[in-house]
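**Q** Structure of the sequence below:
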Amino acid sequence: MKKVLVLFLIAGSLTVSTKVKAQTPKIGVFDVDMMARAMPGYPTVDSLVAIYEQDSLKAEYDFAVQEYNRLDSTYKADSAAKKSPTILKYIQDQRMQTATTVVYWQQISQRKSGERRQLLANPLYDQILAAYKKVLDANNYLVVLKPGAYEMGSKVENVFEKVAKELKIQLPDQLRSAPQEQIQQAPPQNRPKAGAKSPGKKP
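**A** Next up is the predicted model:
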């Protein structure tokens, strides 16, 4: 009876040991922005953003410059004509507001361009995050790091490949697992998304 009990305990211990080994936490490497740029639909986003910048944003800037010139001429003419201080102040305020738009147009246009890119790319990010969640649910990752956030030679798993497989897309060479150095040297993107186990929405 004791021998049976000992054998049972040994068998149980081996089973637990096997389960623990199978569930050993892993370290992965992934970045949502880099994955988005690898999506087949991303070149379309680039093209639409370029059209928006050339047509809409350029037109807004040209209008702002024209409006400033008009207000500046009006203010000078009204000042020379001794118009009331109330009218002059109103025109001056409008002129200063328009001048601010012209002076800071680079920052303003970059913000608007980024917002348009985000809007156009949102469907791609939704697909990536859904696939990324499935990969996380199916794997026991202790942490998922961004490329370049770990030392050379570290044992990391390329999550890009798993997400690409889930999305049924072809990865570019720099995001493949071999060699690992190519992933580490890939250029960082502007919007960090996937530095932790729980994926979040894009900004």
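**Q** so where's the chain shaky on pLDDT?
**A** 1-23, 150-154, 177-203 (pLDDT under 70).
**Q** what about stretch 140-157, start to end distance?
**A** 11 Å (CA to CA, to the nearest Å).
**Q** Enumerate the positions of it that are buried.
**A** Neighbour counts over stretch 140-157 (16 or more other CB atoms under 10 Å) mark Tyr141, Val144, Leu145, Lys146, Pro147, Ala149, Tyr150, Val156, Glu157 as buried. Backbone N, C-alpha and C define where each C-beta goes, glycine included.
**Q** Just send these back as TSV, with distance to Val163 and secondary structure too.
**A** What follows is the buried residues of stretch 140-157, written out as TSV (distance: CB to CB, whole Å; DSSP: H, G, I helix; E, B strand; the rest coil):
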residue	distance to Val163	secondary structure
Tyr141	12	strand
Val144	11	strand
Leu145	15	strand
Lys146	14	coil
Pro147	14	coil
Ala149	17	coil
Tyr150	18	coil
Val156	15	coil
Glu157	12	strand
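**Q** would a markdown table of those with distance to Tyr42 be doable?
**A** Formatted as a markdown table, these follow (distance: CB to CB, whole Å):
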| residue | distance to Tyr42 |
| --- | --- |
| Tyr141 | 25 |
| Val144 | 21 |
| Leu145 | 23 |
| Lys146 | 19 |
| Pro147 | 18 |
| Ala149 | 23 |
| Tyr150 | 26 |
| Val156 | 25 |
| Glu157 | 24 |
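**Q** hmm, which two among those residues are most spread apart?
**A** The two members of these with the most space between them (CB to CB) are Tyr141 and Pro147, at 15.2 Å.
**Q** if we can go back for a sec, of the buried residues of stretch 140-157, closest to Ala80?
**A** Closest to Ala80, out of all of the buried residues of stretch 140-157 and judged by CB to CB, is Lys146, at 60.7 Å.
**Q** How many residues are close by the spatially closest residue to the closest one that is not a sequence neighbour?
**A** What sits nearest to Lys146 in space, not counting adjacent residues and going by CB to CB, 6 or more residues apart in numbering, is Asp31, at 5.0 Å. Residues lying near Asp31 (other CB atoms under 10 Å) number 26.
**Q** elements contacting the lengthiest helix in the chain?
**A** In the chain, with assignment by DSSP state H, the single longest helix is helix 105-138. Under the contact criterion of 3 or more CB pairs under 8 Å, 6 or more residues apart in numbering; DSSP states H and E, helix 105-138 touches helix 32-37, helix 42-52, helix 58-80, helix 159-167.
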